[in-house]
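**Q** only the shape, not the letters, is given here:
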């Protein structure tokens, strides 16, 4: 019995050591959620500089248009500035987007910007990945003031394909 307990403890200890760390993986290594059962989820774009800050005065907004002939599911997954797991549930905040339709996702609501899906999380810094069931998607991302109609400040954020950024 004593040998079994020692063996079981050794196996458990080895399993803990062999388990990959979840912290710090962020957009490149975190497993993709399943947006729609039976359909492959694709990591279409990545965005850096996501969040808000300024005492919650800023938010990040993602405008995406489907160029597919069929309805696709689109989601945005945000990650904290130190990496790790997602800060929101991309499945719960994802949207069905019809052919030619445009939707707007936002980290938090804003005057003058009508959101189709609020992601939550106006924390500073961070990153995001735009997910879909089709690569036929055109998106822009911008950081804007949440107060004032129209927003009193706005800056576009660079969107890159998956995790590949090309230098100029």
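**A** Cool, the structure landed. Small disclaimer: the values here were computed from a predicted structure and weren't measured.
**Q** checking the nearest residue to residue 99 once chain neighbours are set aside next. Helix, strand or coil?
**A** Leaving aside its sequence neighbours, residue 99 sits nearest to residue 69 (Cβ to Cβ, 6 or more residues apart in numbering; 5.5 Å). In this view, the C-beta of every residue, glycine as well, is placed from N, C-alpha and C. Recorded secondary structure, residue 69: coil (DSSP: H, G, I helix; E, B strand; the rest coil).
**Q** any idea of the pLDDT on residue 69?
**A** Listed pLDDT for residue 69 reads 98.
**Q** same deal with residue 11?
**A** 36.
**Q** what about the strands in this structure?
**A** Taking DSSP state E as the criterion, the chain carries its strands at 42-48, 58-66, 72-79, 95-97, 102-106, 117-118, 127-132, 137-145, 154-157, 159-161.
**Q** so which elements touch the first one?
**A** Counting by 3 or more Cβ pairs under 8 Å, 6 or more residues apart in numbering; DSSP states H and E, the packing neighbours recorded for strand 42-48 are strand 127-132, strand 137-145, strand 159-161.
**Q** how close does the residue nearest to residue 116 when sequence neighbours are not counted get to residue 72?
**A** Ranked by Cβ to Cβ, 6+ apart and with sequence neighbours excluded, the top spatial neighbour of residue 116 is residue 103, at 4.2 Å. Counting by Cβ to Cβ, to the nearest Å, the gap from residue 103 to residue 72 is 11 Å.
**Q** identify the contacts common to the two.
**A** residue 97 (Cβ atoms under 8 Å, 6 or more residues apart in numbering).
**Q** comparing the two, which residue is more hemmed in?
**A** residue 72 (25 against 20; other Cβ atoms under 10 Å).
**Q** quick check, that one in contact with residue 134.
**A** Yes - under the criterion of Cβ atoms under 8 Å, residue 72 makes contact with residue 134 at 4.2 Å.
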